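Peer 1: give me the fold of what follows.
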Amino acid sequence: MAVRFYYDMTNRQKDKALGLNTGLSLPKRCKGHVLFVDCSLCALTAFPAHLLHLEHLEELLHMEGNFICSLPSAISQLKNLRVLYLHENLLSCVCEDLGRLSQNLHSLDLSHNPFKCPEQTQEVVHRLHGLRELRLYKLDLKQLRDFICKTLFRLEILGLSDNALSALPSEITNLLFLREIYLNNNLFQMFPTALDKLPHLEIIDVGQNKIGAILDYDCGSSWEKLFD
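Peer 2: Numbering: from 1, shown residues only. Take a look at the predicted model:
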């Protein structure tokens with residue numbers, strides 16, 4: 001059960017405009033618990049401090065489409081958080097404390113941020129051992145580090161489109177639960193054949209690369225879509 005329950009008037013007005021009834025009588029176990037917060041496209045320049053005290057926040061934290069330049073170290077207090085969307089902001093780095101959300105965080109999107117050191121970003125992200133979905137679109141990544149594949153072995157969706165990747169580490173074969181991988185608009189010249197070893201992979205997007213025609217290649221029977 002995802003409950004919308006906001007403190008600020010901006011979001012109350014947004015709900016009213018959408019015809020949502022935020023005055024619903026909540027089950028007793030949910031009263032006072034904020035499970036879902038949507039602060040997307042609100043022209044925020046900083047991470048709202050009051051959100052850091054929402055200890056029960058778990059389902060969704062939408063912060064995308066703002067002008068946030070940094071994350072507070074206190075973000076580690078959101079220990080129940082499962083989904084965090086930070087794409088399309090102005091983040092130049094990711095604080096080390098984000099890595100302390102290691103067990104419960106299942107989905108993270110850091111795409112479209114002007115990170116000064118994408119390498120440092122991966123060093124923090126790889127500590128999030130519980131991740132099922134990771135999106136790192138358009139970050140000027142030149143390589144996917146091997147430790148990402150060694151530690152984030154629960155990943156089911158991996159988004160790496162719009163970067164400068166030309167190869168995948170051999171450790172990609174550790175991602176045995178991977179179902180979808182997005183690699184379009186990179187610098188691949190050869191199809192990453194190691195993906196054939198992933199038993200649950202269904203969708204591969206390698207469009208807009210420098211790969212020649214994929215001829216006589218045995219695309220695993222589980223692959224439902226191959227975008228080339």
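Peer 1: so where do the strands sit in the protein?
Peer 2: With DSSP state E as the criterion, the chain has strands at 36-38, 60-62, 83-85, 107-109, 133-135, 157-159, 180-182, 203-205, 225-227.
Peer 1: closest to Val124 out of those?
Peer 2: Counting by C-beta to C-beta, Val124 lies closest to strand 107-109 out of the strands of the chain; the figure is 10.2 Å. For every residue, glycine as well, the C-beta is placed using N, CA and C.
Peer 1: who's in contact with the closest one?
Peer 2: 64, 82-87, 125, 128, 131-135, 159 (C-beta atoms under 8 Å, 6 or more residues apart in numbering).
Peer 1: one more time with 10 Å
Peer 2: Applying C-beta atoms under 10 Å, 6 or more residues apart in numbering, the external contacts of strand 107-109 come out as 60, 62-64, 81-88, 94, 98, 101, 125, 128, 130-137, 156-157, 159.
Peer 1: which among the residues you listed count as buried?
Peer 2: Neighbour counting with 16 or more other C-beta atoms under 10 Å marks 60, 62-64, 81-88, 94, 98, 101, 125, 128, 131-137, 156-157, 159 as buried within these.
Peer 1: got the contact list for the nearest residue to Cys149 once chain neighbours are set aside?
Peer 2: Distance criterion C-beta to C-beta, 6 or more residues apart in numbering; nearest residue to Cys149, sequence neighbours excluded, is Glu171 at 3.8 Å. By C-beta under 10 Å, 6+ apart, the contact list for Glu171 reads Leu144, Arg145, Asp146, Phe147, Ile148, Cys149, Lys150, Thr151, Phe153, Ala194.
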